[in-house]
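Participant: based on what follows, work out the 3D shape:
(one chain, ligands or ions: 1)
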Amino acid sequence: MKRIAVLGSTGSIGTNCLQVLDALPERLSLLGITAHRRWRELAEQTQSFHPRWAVVTDESLSHGVDRAAFSSKSELLFGESGTERLCSAPEVDVVVSAIVGAAGLRGTWIALECGKTVAIANKETLVVAGPLVMELAKRTNATLLPVDSEHSAIFQALQAGRANEVKRIVLTSSGGPFRGRTLLQLQDVTPSEALAHPTWNMGPKITIDSATMMNKALEVIEAKWLFGLRDDQIEVVVHPQSVVHSFVEFVDGSVIAQLSPPDMRLPIQYALTYPDRCESIAAKLDWQKTFDLHFEPPDLDAFPALRLGFEVASRGGTCGAVLNAANEAAVERFLAGSLRFCDIPRACRAVLDQHQFDASPSLSELLRLDREARQEIARWT
Ligand SMILES: NC(=O)c1ccc[n+]([C@@H]2O[C@H](COP(=O)([O-])OP(=O)(O)OC[C@H]3O[C@@H](n4cnc5c(N)ncnc54)[C@H](OP(=O)(O)O)[C@@H]3O)[C@@H](O)[C@H]2O)c1
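Facilitator: Below you'll find the model as predicted:
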């Protein structure tokens, strides 16, 4: 029995994760959950699962929350100290890092400091501080298991050979809702058009990132640190069906891929039951139906965010933290209607180019640059 804490349990990954836990009660038990502001949804989750702890991370809500709505078996905690308690509790075996944005870094860091297994969906943590996070995991003997479908696919495919036999990894991208459009055709895209993803149902921030292809840029950086790859070992290909979740090419030319319908419950379950595989509630491929698998190269002129991803992965240092914060702030402005779609990568490029680069920053320096980049984006016109 693995005892699980889910950070961000009210989100898209979080709710899928609870479905997986619900389906595997003999293997997985839920010890703690967190939400930021949606405390009613969190309270409902305590009524279904009765976890030992429930945390509302936005401390300003501590007086507005109706404690009676929560299970009497769940202790209600507030603020980041609540998350810290959960992530460091000796009773917790696996922490699912499913908070959106750089806000997910703190809980992930504490869980790794405590030597726990972290199932990581929160790619921003690795984008902001990949080398420091990997170093920490090594020092404490903690384990990082990917939840992102592409990285789960790579993790699974890598098991077919040795590290020195890997030629390259290829991350697949659905291409998002605007695949095939030119930069000019993307000028007047609205938030509601950008939020209509063709194959995945996800939270708003990652959905906008998929539309700009910044999501793939972040995944390139995530893959570099997670798997310890050279720049020339990472490629991206557009695959609109989202069935081949990514693949590894070995030196002999063999390509090992992982396929399944687009359903996050599968990579979540694999990270939670690893190294075991077991029956899953995730959708299955039907081999008696005709279907096509299409691949095409990405259009870096229409989606310049992807170029930024390769550049930032290559430069490392402070670049990941700056790009990530600039993008988070730019996406917020786009959703609020004060920034155009095409200006998201432009604003990120401007903030990245003007920041003071440091090749081996400390965590506190990265957090300071994160704040500064957000301020720059707020001013950007
Ligand atoms: N969705 C997917 O299919 C998918 C796939 C691969 C990777 N990922 C990655 O997984 C992470 C989560 O994505 P998502 O789509 O599940 O996001 P989401 O639906 O927006 O959920 C985000 C979760 O984080 C919580 N949260 C938001 N801001 C917070 C803050 N400042 N402090 C603490 N908690 C906060 C939210 O709480 P409230 O509900 O109270 O706001 C919610 O529980 C992202 O890093 C994303 O890139 C997602």
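
Participant: what's near enough to touch K284?
Facilitator: When contacts are counted by C-beta atoms under 8 Å, 6 or more residues apart in numbering, K284 touches S260, P261. Where C-beta positions appear, they are placed from N, C-alpha and C, glycine not excepted.

Participant: correct me if wrong, but it is in a helix.
Facilitator: No: looking at K284 with DSSP: H, G, I helix; E, B strand; the rest coil, it is coil, so not inside a helix.

Participant: what pLDDT does it get?
Facilitator: Looking at K284, its pLDDT stands at 97.

Participant: now T190. Its backbone dihedrals?
Facilitator: Dihedral angles of T190 (phi, psi; degrees, to the nearest 10) stand at phi -100, psi 160.

Participant: how close does it sit to the ligand?
Facilitator: 20 Å (C-beta to the nearest ligand atom, to the nearest Å).

Participant: so how many other residues sit close to that residue?
Facilitator: T190 is flanked by 11 other residues according to other C-beta atoms under 10 Å.

Participant: the strands in the stretch 51-200 of the chain, which residues?
Facilitator: 53-56, 75-78, 94-97, 117-120, 143-146, 166-173 (DSSP state E, counting those that start in this stretch).

Participant: please work out which of those is packed deepest.
Facilitator: strand 94-97 (a mean of 28; mean count of other C-beta atoms under 10 Å).

Participant: ok, back up a step: reformat the strands of the stretch 51-200 of the chain as a markdown table; add mean pLDDT and distance to the ligand.
Facilitator: Putting the strands of the stretch 51-200 of the chain into a markdown table (pLDDT from 0 to 100; distance: least, C-beta to the nearest ligand atom, whole Å) gives the following:
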| stretch | mean pLDDT | distance to the ligand |
| --- | --- | --- |
| strand 53-56 | 98 | 8 |
| strand 75-78 | 98 | 12 |
| strand 94-97 | 98 | 8 |
| strand 117-120 | 98 | 9 |
| strand 143-146 | 98 | 9 |
| strand 166-173 | 98 | 12 |
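
Participant: so for R349, which of these sits nearest?
Facilitator: Of all the strands of the stretch 51-200 of the chain, strand 166-173 sits nearest to R349, with 19.8 Å by C-beta to C-beta.

Participant: so what touches the closest one?
Facilitator: The contact list for strand 166-173 (C-beta under 8 Å, 6+ apart) reads 150, 153-154, 157-158, 210, 213, 215-216, 219-220, 223, 227, 229, 232-239, 242, 244-251, 253, 295, 298.

Participant: apply the buried test to those residues and list what passes.
Facilitator: The neighbour count (16 or more other C-beta atoms under 10 Å) marks 150, 153-154, 157-158, 210, 213, 215-216, 219-220, 223, 227, 229, 233-234, 236-239, 242, 244-250, 298 as buried among those.

Participant: list the buried residues in the one helix or strand R371 maps to.
Facilitator: In this structure, R371 is located in helix 363-379 according to DSSP states H and E. Of the residues in helix 363-379, L366, L367, L369, D370, E372, A373, R374, E376, I377 count as buried by neighbour count, 16+ other C-beta under 10 Å.
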